[in-house]
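[1] quick one: sequence plus predicted model below, questions after.
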Amino acid sequence: MKTTKQDLEQFIYRHIVDEYGVDAHIVTNDSKLQDDLGIDSLDKVEISCEIDKKFEVDVDEQAIDNATTFGELVDAAFSAFENTEK
């Protein structure tokens, strides 16, 4: 079954809410990872590893590290799925 961007977004959203105790109501595409959600570079590495494990793809950790908002994080992670389909 093909993973959709929405599937991945929901996985990352749930991970941030469940693992980091972030209030679900403040997680939007424009939420700043560090300032709004408290997600630092080590947390991004952990999220990247969880995506790798769950979906068996190689996420570009540099792209993940460069993400500054939740939406950018999802886009960066989803690029791994786009790269595997070519």
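    Noted; the coordinates are in hand.

[2] am I right that T3 is in contact with A80?
    No. Using CB atoms under 8 Å as the test, T3 is too far from A80 to be in contact (9.7 Å). Placement of C-beta: from N, CA and C, glycine included.

[3] helix or strand right after the strand or helix carrying K53?
    According to DSSP states H and E, K53 maps onto helix 41-55. Tracing the chain C-terminally past helix 41-55 and defining elements by DSSP H and E, one meets helix 61-66 next.

[4] list the contacts of the helix holding K53.
    Contacts to helix 41-55, defined as CB atoms under 8 Å, 6 or more residues apart in numbering, come from residues 3, 8, 11-12, 15-16, 19-20, 33, 39, 57-59, 61, 64-65, 67, 73, 77, 80-81.

[5] of those, keep whichever come out buried.
    Among the contacts of helix 41-55, those buried by neighbour count (16 or more other CB atoms under 10 Å) are 3, 8, 11-12, 15-16, 33, 39, 57, 59, 61, 64, 67, 73, 77, 80-81.

[6] out of the residues you listed, which are inside helices?
    The helices, defined by DSSP state H, take in 8, 11-12, 15-16, 61, 64, 73, 77, 80-81 from the buried ones among the contacts of helix 41-55.

[7] all good on my end, thank you.
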